[in-house]
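Asks: Okay, structure incoming, though there's no sequence with it:
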């Protein structure tokens, strides 16, 4: 059998060496990140046979990062830290302003009043007056709603007073009826409400240690009242009983006389 001339009778290929590249650009070292230098590639091709391997060696060297480069990196990191700190401080400040707005740190009070006051406005526009008295062992809260009996619809007279009663009949978070009354009495306090012509007021008093929990119970009246169907008739009777009891007090006959003589087009005449 005749072999091709390239193989010859000994089945060997003459050695070849690759020591440099003819392109000028290839003679210049490549640059990574302006600092890492890779030397030219040296490839050695040995004699190829059935059991021999071709070995390729890559040789590279790295150049240490310069002092100026390290300084620039440090400056960038410092600037980033300062910017992040400023952003955090700005966010906290803006959030604090959103949560409340201080309207007054010193409202007009008598000279003999030693208590501290602060008036704030919450994000829901409710204006709150805070009073601090370190000498008292009890804490109280009063919440006023500017809706009263004069706001009742003509066909549902007494609705404002009736709603006041229904708010005590359990909430989504505290579903037990009269839970607020029981918690207040268990902590040396009480809770109550009243309805007049233009306002409905809810208030409580408890010992200092129970203020936080009582405030949460109390706030649920206006967040998620249940207005139970099984309480509707019972509380309607309670409102009627209070109305009838009022006639035993001198104020109520006088009030009824004023209502009877009011302008027929005025809500007072209803």
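Replies: Cool, got the structure. No experiment lies behind these values; they were computed from the predicted model shown. Numbers count the residues shown, from 1 in each chain.
Asks: Run through the strands of this protein in chain order.
Replies: In the chain, the strands defined using DSSP state E lie at 16-18, 30-32, 36-38, 42-45, 56-57, 100-104, 116-122, 127-132, 138-145, 190-195, 200-207.
Asks: Quickly list the domain ranges of the chain.
Replies: 16-57, 67-98, 136-269 (automatic domain parsing).
Asks: And the lowest mean pLDDT element among the helices and strands of this protein?
Replies: strand 56-57 (a mean of 43; mean pLDDT, DSSP states H and E).
Asks: which ones are touching the nearest residue in space to residue 259 that is not next to it in sequence?
Replies: Nearest in space to residue 259, with sequence neighbours left out and distances taken as CB to CB, 6 or more residues apart in numbering, is residue 268 at 5.6 Å. Quick note: C-beta positions are derived from backbone N, CA and C, even for glycine. Shown in contact with residue 268 (CB atoms under 8 Å, 6 or more residues apart in numbering): 150, 197, 258-259, 262.
Asks: Next: residue 193.
Replies: With CB under 8 Å, 6+ apart, residue 193 has these contacts: 164, 167-168, 200-203.
Asks: rerun at 6 Å
Replies: Residue 193 makes contact with 164, 202, according to CB atoms under 6 Å, 6 or more residues apart in numbering.
Asks: start at 506 instead
Replies: In the new count, where the first residue is 506, that last one comes out as residue 698.
Asks: Include pLDDT and distance to residue 732 when you put the contacts of residue 773 into CSV, please.
Replies: Shown next, in CSV, are the contacts of residue 773 (pLDDT from 0 to 100; distance: CB to CB, whole Å):
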residue, pLDDT, distance to residue 732
655, 92, 22
702, 91, 24
763, 86, 32
764, 84, 29
767, 88, 32
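Asks: and the residues you listed, which two are the farthest apart?
Replies: 655 and 763 (13.1 Å; CB to CB).
Asks: who's more crowded, those two?
Replies: Using other CB atoms under 10 Å as the criterion, residue 655 and residue 763 rank with residue 655 on top: 14 against 11.
Asks: Now do the same for the residue nearest to the more buried one when sequence neighbours are not counted: its pLDDT.
Replies: Of all residues not flanking residue 655 in the chain, residue 772 sits nearest, at 4.4 Å (CB to CB, 6+ apart). Looking at residue 772, its pLDDT is 83.
Asks: now the helices for the stretch 606-755 of the chain?
Replies: 664-671, 684-691, 716-724, 734-750 (DSSP state H, counting those that start in this stretch).
Asks: Ok, which of those helices comes nearest residue 607?
Replies: Of the helices of the stretch 606-755 of the chain, nearest to residue 607 by CB to CB is helix 716-724, at 19.9 Å.
Asks: Mind listing residues that contact that closest one?
Replies: Residues contacting helix 716-724 (CB under 6 Å, 6+ apart): 644, 679, 685, 688, 709, 711.
Asks: Derive a PyMOL selection command for the buried subset of the residues you listed.
Replies: Here is the PyMOL command that picks out the buried ones among the contacts of helix 716-724, judged by 16 or more other CB atoms under 10 Å:
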select buried, resi 644+679+685+688+709+711
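Asks: Show me the two of the contacts of helix 716-724 that sit farthest apart.
Replies: Farthest pair in the contacts of helix 716-724, by CB to CB: 644 and 679, 19.1 Å.
Asks: pLDDT of stretch 669-676, averaged?
Replies: Throughout stretch 669-676, pLDDT has a mean value of 95.
Asks: Could you work out the end-to-end span of it for me?
Replies: 13 Å (CA to CA, to the nearest Å).
Asks: gap between it and the chain center?
Replies: Offset of stretch 669-676 from its chain centre (CA atoms, centre = their mean, to the nearest Å): 28 Å.
Asks: ditto for stretch 704-712
Replies: Distance, centroid of stretch 704-712 to centroid of chain: 27 Å (CA atoms, centre = their mean).
Asks: quick one: average pLDDT of it?
Replies: Mean predicted lDDT for stretch 704-712 stands at 97.
Asks: neighbouring contacts of it?
Replies: Residues contacting stretch 704-712 (CB under 6 Å, 6+ apart): 643, 645-653, 665, 669, 689, 692-696, 698-699, 719.
Asks: In ChimeraX, select just the buried ones from these.
Replies: In ChimeraX, a selection of the buried entries from the contacts of stretch 704-712 looks like this (16+ other CB under 10 Å):
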select :646,648,652,653,665,669,689,692,694,696,698,719
